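# Sequence and predicted structure, then a few things I'm wondering about:
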Amino acid sequence: MVHEMGQDEAGTGKSEFQMKRFIAFTLAITVSSWCAAATEDAPLDAVYINLSDTASLQRGARLFVNYCLSCHSASYMRYRRMGEDLGISEELLKEHLLFAGEKPGDLMQATMPANYAKQWFGVVPPDLTLIARVRKPDWIYTYLRSFYLDVGSPSGWNNTLFRNVAMPHVLYQLQGSQRLVSDGAAENGKPVFRLERPGEMTPEEYDESVRDLTNFLVYLGEPVKLNRYLIGVFVMLFLAVLLVLSYTLKKEYWKDVH
Ligand code: HEC
């Protein structure tokens, strides 16, 4: 009996310990997710995404192939599928978007082999097929406009949204080069840049191009979204017709009861 009681007490002690451990664990997770959210809470510039703007998607595709595909791949997408979705004929595809002997049926692979990239940048540039779903469009739009000159970094560039990023500012010819005036500690969290040397585009044109690119990356992350919009319209029409039918049917059934 005594022996059993002893065991009971030990049992209660153990479960109490487990309970405490569980509470501590839950607290730790909550606090760390708050911290993570706080670091991700950098103010972002909002971007207007419109997947029915085919011209914007086509411009975005062109920028992507010209400026990003050398390092990053989009290896869940084939050139042909992209062409079909965005209304780019196979001739135009071959003329403007296939440079290194790729075929329309090929997956969109990076030109640079991963081991070279690792050697040069220290990290392999991530696949960008799903990046707009991982990072969200506002983040990408802000990121591509937040590169600034930094002599202290290996590439000569840094980024306020992604500190010490290994990616150089690949669009600097278009945007020009900017310096960081203030990292935003004072001005409601937003960094302030000064354009030191203008690029080929005005700041407005550059923002518009980055918007096209972001629009394209959103399409890339979920190509069926284009079809889903259409299916949505059909579903609403179907429900409307069904409503009329069921209402007349109901009237027909209840006619005899009243
Ligand atoms: C010269 C090679 C190179 C080119 C060209 C390049 N990138 Fe990168 N990019 C990188 C590297 C390397 C990283 C990884 C950075 C890190 O982890 O520090 C990266 C990271 C990124 C990230 C962040 C990924 C993450 O971790 O969330 C995004 C978004 C991105 N690149 C978009 C682009 C876009 C869009 C283009 C075309 C305009 C582009 N990149 C062109 C090398 C490149």
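Arrived safely, thanks for sending.

# drop to CA atoms for contacts and neighbour counts, all remaining ones
Fine.

# Spatially, what comes nearest to residue 144 if we skip its sequence neighbours?
Counting by C-alpha to C-alpha, 6 or more residues apart in numbering, the nearest residue to residue 144 once its immediate chain neighbours are dropped is residue 210, at 6.9 Å.

# which parts of the helix or strand that contains the one you found are buried?
Assigned by DSSP states H and E, residue 210 falls within helix 203-221. For helix 203-221, burial by neighbour count (16 or more other C-alpha atoms under 10 Å) applies to 203, 206-221.

# which outside residues touch it?
Contact with helix 203-221 is made by 47-51, 56-61, 63-64, 77, 128-133, 137, 140-141, 144-145, 174-175, 225-226, as judged by C-alpha atoms under 8 Å, 6 or more residues apart in numbering.

# Spatially nearest residue to the most centrally placed residue in the chain, not counting backbone neighbours?
By C-alpha atoms, centre = their mean, the mean C-alpha position of the chain lies nearest to residue 132, the distance being 1.5 Å. Nearest residue to residue 132, sequence neighbours excluded (C-alpha to C-alpha, 6+ apart): residue 218, at 5.3 Å.

# State the pLDDT value of the one you found.
pLDDT, residue 218: 97.

# and if you look at the one 4 residues further on?
Model confidence at residue 222, given as pLDDT, is 92.

# ditto for residue 232
pLDDT, residue 232: 92.

# Which strand or helix spans it?
Take DSSP H and E as the rule and residue 232 turns out to sit in helix 225-254.

# coming back round to it: separation between the residue nearest to the centre of the chain and the ligand?
Distance, residue 132 to the ligand, using C-alpha to the nearest ligand atom, to the nearest Å: 8 Å.
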